[in-house]
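Chemist: Okay, here's the prediction I keep looking at, along with the sequence it came from:
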2 protein chains.
Amino acid sequence: MDRIIELNTTIIAAASAVGKKEHEGPLGSYFDLHDEKDKYGAHSWEKCESTMQRAAMNIAIKKSGIRENDIEAIFDGDLLNQCTGSSYGMLGYEIPYIGLYGACSTAAEGIMLASIMTTHGVFRYAAAVTSSHFCSAERQYRTPVEYGSQRTPTAQWTVTGAGAFIIGPGGGVRVTGALPGIVREKGVRDPSNMGAAMAPAAAETILRYINLRGGKIDDVELIVTGDLGHEGCEILRDLLGKDRADICDKLADCGVMIYDTARQDVHSGGSGCGCSAVVLASYFLPKLEARELKKIVFVGTGALMSPLSLQQGEGIPAIAHLVELQCAE
Amino acid sequence: MDRIIELNTTIIAAASAVGKKEHEGPLGSYFDLHDEKDKYGAHSWEKCESTMQRAAMNIAIKKSGIRENDIEAIFDGDLLNQCTGSSYGMLGYEIPYIGLYGACSTAAEGIMLASIMTTHGVFRYAAAVTSSHFCSAERQYRTPVEYGSQRTPTAQWTVTGAGAFIIGPGGGVRVTGALPGIVREKGVRDPSNMGAAMAPAAAETILRYINLRGGKIDDVELIVTGDLGHEGCEILRDLLGKDRADICDKLADCGVMIYDTARQDVHSGGSGCGCSAVVLASYFLPKLEARELKKIVFVGTGALMSPLSLQQGEGIPAIAHLVELQCAE
């Protein structure tokens, strides 16, 4: 039976750490921390992800006012092979670690799981953390940046950034529901068009949510997708139906928002685990906290292929996990 | 505060699908399904993992007596880059999918999360699924098997196999507790010695468990580790303390049990997500069901490095998640 997981917990603190391009984008002033060299002092792009994760986690812990060892579990994952940004990043915290793989949907997946756990008292506090890096993603999924490959118009720019969320009882933005996604693959085989691959999964999760909420979501002000980019957003609107202005007027996408597409030459927008994580942590959550927004749904989108699966002729499977967020009562 | 997650749910069914070598091993007759060609009709080793996962899942669903759409979530992950064995494997099930990365600890991680969810009624039924394949693991982590590389004495043989577990209310083996692991890295850098890398994490989780259970585990008949192999088991015994016969006499390891080391030329034993999954599903769970065993703890062990992280000079981080299992009351 399809149903929304009803939740009753709060995001007590969140933090973001980003790179140069993200800092120079339209949301640049919102992020907690940035590094002009995109390295955070690390000796490789991959190690930089771990360092960014720790930076975001430490800032979030500080903001939360709780002690590090009050956190009883970390839900974490990233795009690197074997999620090493996360496993090395969380070394040194004396906190149980639960590894995830949700590609760019990891922020939503982690927040969903941490919220379920804290709603039911399995853990008093739990953290959700994730990251991505433009240079590590390019060399792993496409070609090393040093090659200077030409990017296609539908290509997205992987966000260099990490986000961390501390979840549990207390003040802050309320997590009131979640809807985990189903894996979908609709024949898209172009690794430079993640938006097209992920849009069907996003459309399905959004429509399931609306249906399960009785067909009406008048109280939801925004439907924030993770990283569909310009191309994916257009496809999402088509899939939802041009006549559904009630839904389409509420759409916003972190991948579209994080860069100034024309000025920053990012083609179809931003992507990566870090994209939705940092925009949620530093832009949307503060707006909910300030009651400028009352209720939004956050739809993390992820493409679950590997370079090898595409070489073997497979399509790109995708997923979209939804989290319902509301301002304090 | 460190504590055991108390659980109250059951594994209502489990199933395994394995390869030729596993079928020829000492536990061969226990597995539900095997394929002499290690391919399950698929055109690549990676696709074979997806096919094995579906085979195990379908057999488990059939055994459980529930309908496929009674399962409200699948917790799944594997060793392949971006966990494609799982994402492609679960395409076609109309069930929400929650992707995990726990390396060889995935079976324990998935059972733990599915058990938490069903204990608290978040989902009525949930599945935990995982797989590994010798040939896909060799070419991804070490060298393609066609190269005929010499294996070191501490090397383990990645199990070709998939396991699936259906968890929820009903008869069957009870899941009564879980203890998620903490990431540990003790300086082991040899990708042909996973046992040494994982043993410290296993020792810590076992000692935490015993401590949290008041220092005594007389009622626990076996402590079953996932895939430490002969080398890792020896190190584990050293770490636990030679004087702790009360613990060491209870140790068993799926990686040691699944092959006849001398006859099958597997050096230090079996490994991989599939190793602990298929041995638990087809050997230990039936013994608990038949009340030949009353209470065991299952300690899934995982090494969280990537080939790239080792090339960059890092050590191998490891984790061990524990699940407490008991026969029906």
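Modeler: Now that the structure is in, tell me what you want to look at. Residues are numbered from 1 along each chain as shown, chains lettered A, B, ... in the order given.
Chemist: Name the helix or strand for residue A:206, please.
Modeler: Using DSSP states H and E, residue A:206 falls within helix A:194-212.
Chemist: Pull the distance from that helix to the chain's centre.
Modeler: 15 Å (Cα atoms, centre = their mean, to the nearest Å).
Chemist: Run through the neighbouring helices and strands of that helix.
Modeler: Secondary-structure packing of helix A:194-212 (3 or more Cβ pairs under 8 Å, 6 or more residues apart in numbering or on different chains; DSSP states H and E): strand A:173-179, helix A:229-240, strand A:295-303, strand A:318-326. Placement of C-beta: from N, CA and C, glycine included.
Chemist: With mean pLDDT and mean neighbour count added, can I get those in CSV?
Modeler: Formatted as CSV, the helices and strands packed on helix A:194-212 follow (pLDDT from 0 to 100; neighbours: other Cβ atoms under 10 Å in any protein chain shown):
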stretch, mean pLDDT, mean neighbour count
strand A:173-179, 98, 23
helix A:229-240, 97, 22
strand A:295-303, 98, 28
strand A:318-326, 98, 28
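Chemist: Relative to chain B, which of these is closest?
Modeler: strand A:318-326 (6.2 Å; Cβ to the nearest Cβ).
Chemist: do that closest one and chain B meet at all?
Modeler: Yes. Residues of strand A:318-326 are located near chain B by Cβ under 8 Å from any Cβ of the partner chain, namely residue A:319.
Chemist: Does anything pack onto that strand? Which helices or strands?
Modeler: Using 3+ Cβ pairs under 8 Å, 6+ apart: strand A:318-326 touches helix A:106-119, strand A:173-179, helix A:194-212, helix A:285-289, strand A:295-303.
Chemist: Pull that strand out as CSV, backbone CA atoms only.
Modeler: What follows is strand A:318-326 as a C-alpha-only set of coordinates in CSV (Å, rounded to 0.1, in the frame of the first residue of the first chain):
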residue,chain,number,x,y,z
ALA,A,318,16.8,7.2,-11.6
ILE,A,319,15.1,7.8,-8.3
ALA,A,320,13.4,10.7,-6.4
HIS,A,321,12.9,10.8,-2.6
LEU,A,322,10.5,13.4,-1.1
VAL,A,323,10.7,15.1,2.2
GLU,A,324,7.9,17.4,3.5
LEU,A,325,9.2,20.4,5.5
GLN,A,326,7.3,23.0,7.5
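Chemist: Quick one: mean pLDDT for stretch A:14-26?
Modeler: For stretch A:14-26, the mean per-residue pLDDT is 98.
Chemist: first vs last residue of that stretch, how far apart are they?
Modeler: 20 Å (Cα to Cα, to the nearest Å).
Chemist: ok, now stretch A:155-173?
Modeler: 33 Å.
Chemist: same question, stretch A:310-317
Modeler: OK, stretch A:310-317 end separation, Cα to Cα: 10 Å.
Chemist: What residues of that stretch count as buried?
Modeler: A:310, A:312, A:314-317 (16 or more other Cβ atoms under 10 Å in any protein chain shown).
Chemist: just those that are near chain B?
Modeler: Within these, those near chain B by Cβ under 8 Å from any Cβ are A:312, A:314, A:317.
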